[in-house]
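Novice: Dropping a prediction and its sequence here:
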Amino acid sequence: MRVHRALAGPSRRRLLDALAAHPDGLTTDDLAKALDLHHTTVRSHVDVLVDADLVTSTPQPRNGPGRPRLRHRLTANAGSRLDPTGYRLLAEMLTTQLATGAAPAADAAAAGRSWGRHLVEDVAPGTTVDVDLATARIRDMFDRLGFEPSVDGLAVDLHACPFEDLARRHEAVVCSLHRGMVAGALERIDAPLEAGAIEPWVTPSRCRAHLRERAGTSAGARD
């Protein structure tokens, strides 16, 4: 899951490409210049990659005062984990199989519902699930998958799709899959919300997952 999230960001993929081209490693300054990014942004991306065990950061000897500079390198097993071919091929095969079935949208929604129930984080026994908690659980689920989500009222904006090329070619299937994931997750935690529409490409790089109050429930008012 951490590797999936790490590879979802275009800037992090560029950073990994830069390190792959320099086996001896690069400093934060080197990466900032090569990628035209702020040092703070580079450090943030490096932290995600270190957490995913794709990059290691080693302090360098320093003669003067101040903190030692860090040199960043790919980890020894990063090469085998960075090649997305197998995962992309598998995703392509499964999506194509769904797309060519008798009821592609329904089949995709059913598969997504099952996975949503598995992927959502459970709530503690006795916890009352209100609108805010339910929305946060959906946001967190997509965050762990690398979608870089944000909440806007009863909607979760998905700013990065790990398999955007596949989603654009099989939009109906992928959107139905994601809507099913939301539905299954909300059912699992007995939320007062249900899955609404998935609105694809509201901007060139952002989709929106709508939520709505479930009939017959009292969702509670937001502040």
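Specialist: On my side now, so go ahead.
Novice: So which bits of stretch 137-156 are buried?
Specialist: Across stretch 137-156, burial judged by 16 or more other Cβ atoms under 10 Å covers 137-139, 141-149, 154-156. (Glycine included, C-beta is placed from N, CA and C.)
Novice: In helices, which of these appear?
Specialist: Per DSSP state H, helices hold the following members of the buried residues of stretch 137-156: 137, 138, 139, 141, 142, 143, 144.
Novice: Quick check: of these, which lies closest to residue 214?
Specialist: Nearest to residue 214 among these: residue 138, at 13.6 Å, using Cβ to Cβ.
Novice: And the helix or strand that residue 185 is a member of, what's buried?
Specialist: For residue 185, the host element (DSSP states H and E) is helix 171-188. Within helix 171-188, the residues that count as buried by 16+ other Cβ under 10 Å are 173-188.
Novice: ok, now how distant is the spatially most central residue of the chain from residue 189?
Specialist: Centroid-nearest residue in the chain, with Cα atoms, centre = their mean: residue 146, separated by 1.2 Å. Plainly put, residue 146 is 21 Å away from residue 189 if you go by Cβ to Cβ, to the nearest Å.
Novice: repeat for residue 127
Specialist: With distances taken as Cβ to Cβ, residue 127 is found 9 Å from residue 189.
Novice: swap in residue 74?
Specialist: Separation of residue 74 from residue 189 (Cβ to Cβ) stands at 38 Å.
Novice: What of residue 215?
Specialist: Distance of residue 215 to residue 189, given as Cβ to Cβ: 17 Å.
Novice: Looking at these two, which is more packed in?
Specialist: residue 189 (18 against 6; other Cβ atoms under 10 Å).
Novice: Pull up the gap between that one and residue 213, please.
Specialist: From residue 189 to residue 213 the distance is 15 Å (Cβ to Cβ).
Novice: And residue 45, by the same measure?
Specialist: Counting by Cβ to Cβ, the gap from residue 45 to residue 213 is 38 Å.
Novice: With residue 35 instead?
Specialist: In terms of Cβ to Cβ, residue 35 sits 44 Å off from residue 213.
Novice: next one: residue 173
Specialist: In this view, residue 173 and residue 213 are 27 Å apart by Cβ to Cβ.
Novice: ok now stretch 139-147, how far from the chain's centre?
Specialist: Here stretch 139-147 is found 4 Å from its chain centre; the criterion is Cα atoms, centre = their mean, to the nearest Å.
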